[in-house]
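Undergrad: got a structure for you, letters missing:
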Ligand SMILES: CN(C)C(=N)NCCC[C@H](N)C(=O)O
């Protein structure tokens with residue numbers, strides 16, 4: 001199994017993260033104060049995503065990365081390989097995403113003099129507390145909603161990228177840097193717009209029972225969210241998700257493509 005796609009995914013995920021940092025800082029208060037935890041986690045998840053995607057395409061089409069411009073895979077194969085990558089990455093992402101959401105929703109992000117101290121002191125403390133209170137399964141709370149969010153939307157992510165690259169590039173040639181940046185950026189936006197409704201539900205499931213009412217499951221969460229807040233609830237956060245998605249994914253795809261070209 002070729003591993004260079006995993007390594008390129010790792011490095012490009014870390015580079016994308018650096019660009020997304022200001023947006024995540026706005027969203028997450030203390031979570032991205034230090035960079036080491038997010039770099040390690042997001043780089044690992046991106047490595048799984050790109051490595052599984054590329055190896056699934058190899059299994060489906062028998063073409064390696066370097067042959068794919070001369071023999072482009074069908075969009076159906078790109079979609080299936082993307083969904084496979086999204087499905088597997090969801091299980092690696094689940095515990096990190098849970099920690100992120102728990103810290104993001106903490107109302108007392110930092111210890112204040114004389115005030116109430118935060119429930120979680122940082123990502124490691126958050127992981128340890130969840131593990132102690134709820135066991136290892138607790139770290140996977142919301143994983144189903146995350147899987148439903150990521151499986152189709154990562155398929156959409158890679159199809160959008162491929163469609164835009166092929167539209168703007170002469171046959172059998174590699175896309176230019178500008179094309180990769182624009183195609184990567186729009187792939188990020190499209191996939192995040194599609195992912196936002198389930199992203200809202202996923203975050204509510206991850207916080208379920210802590211502050212707000214306990215839902216009976218994902219469907220109950222969807223129905224009661226719509227009943228209480230209307231259909232607009234499914235688009236909460238779509239603007240910031242999209243604003244972050246363009247630069248992050250433009251840089252992720254550019255570095256991924258160039259690393260693989262450089263390694264031959
Ligand atoms: C849930 N969605 C839309 C995705 N997982 N999309 C693919 C990768 C996104 C990239 N790591 C990012 O953080 O924007």
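TA: Perfect, I can see it now. Given the structure is predicted, the values throughout are model-derived calculations rather than measurements. Numbers count the residues shown, from 1 in each chain.

Undergrad: Please tell me how far residue 99 sits from residue 140.
TA: 12 Å (Cβ to Cβ, to the nearest Å). Backbone N, C-alpha and C define where each C-beta goes, glycine included.

Undergrad: between those two, who's got more neighbours?
TA: Neighbours per residue, other Cβ atoms under 10 Å: of residue 99 and residue 140, the larger number sits with residue 99, 23 against 16.

Undergrad: Centre of the chain to the helix or strand hosting the more buried one, how far?
TA: Following DSSP states H and E, one finds residue 99 within helix 75-104. Taking Cα atoms, centre = their mean, to the nearest Å, one finds the center of helix 75-104 at 6 Å from the center of the full chain.

Undergrad: can you list the residues of the stretch 101-250 of the chain near the ligand?
TA: Applying Cβ under 6 Å from any ligand atom, we find that the stretch 101-250 of the chain lies next to the ligand at 149, 150, 153, 154, 157, 188, 191, 192, 195, 245, 248, 249.

Undergrad: repeat that with 5 Å
TA: 150, 153, 154, 157, 191, 192, 195, 245, 248 (Cβ under 5 Å from any ligand atom).

Undergrad: Inside helices: which ones of the residues you listed?
TA: Judged by DSSP state H, these include 150, 153, 154, 157, 191, 192, 195, 245, 248 as members of helices.

Undergrad: so how far is residue 85 from the fourth one?
TA: Read it as residue 157. Where residue 85 is concerned, residue 157 sits at a distance of 9 Å (Cβ to Cβ).

Undergrad: what about these two, which has more around it?
TA: In this view residue 157 and residue 85 are compared by other Cβ under 10 Å, and residue 157 has more residues nearby, 32 against 27.

Undergrad: can you map out the helices along the stretch 151-264 of the chain?
TA: With DSSP state H, counting those that start in this stretch, the ranges of helices along the stretch 151-264 of the chain come out as 177-206, 218-229, 238-262.

Undergrad: Quick check: which of those helices is nearest to residue 16?
TA: helix 238-262 (3.6 Å; Cβ to Cβ).

Undergrad: so how far is the closest one from its chain's centroid?
TA: 12 Å.

Undergrad: Was I right to think residue 39 contacts residue 11?
TA: No. The criterion here is Cβ atoms under 8 Å, and residue 39 misses it with residue 11 at 10.6 Å.

Undergrad: Report the contact partners of the spatially closest residue to residue 236 that is not a sequence neighbour.
TA: The shortest distance from residue 236 to any non-neighbouring residue, by Cβ to Cβ, 6 or more residues apart in numbering, is to residue 200 (5.3 Å). Residue 200 is in contact with 225, 233, 234, 236, 237, counting by Cβ atoms under 8 Å, 6 or more residues apart in numbering.

Undergrad: and what of residue 242?
TA: Counting by Cβ under 8 Å, 6+ apart, the residues that residue 242 touches are 188, 189, 192, 193.

Undergrad: again, 10 Å this time
TA: 185, 188, 189, 190, 191, 192, 193, 196 (Cβ atoms under 10 Å, 6 or more residues apart in numbering).

Undergrad: For ChimeraX, write the select line for the buried members of the residues you listed.
TA: To isolate the buried ones among the contacts of residue 242 in ChimeraX, judged by 16 or more other Cβ atoms under 10 Å, type:
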select :185,188,189,190,191,192,193,196
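
Undergrad: Residue 262 contacts residue 11, correct?
TA: No. Applying Cβ atoms under 10 Å, one finds residue 262 not in contact with residue 11, separated by 11.0 Å.
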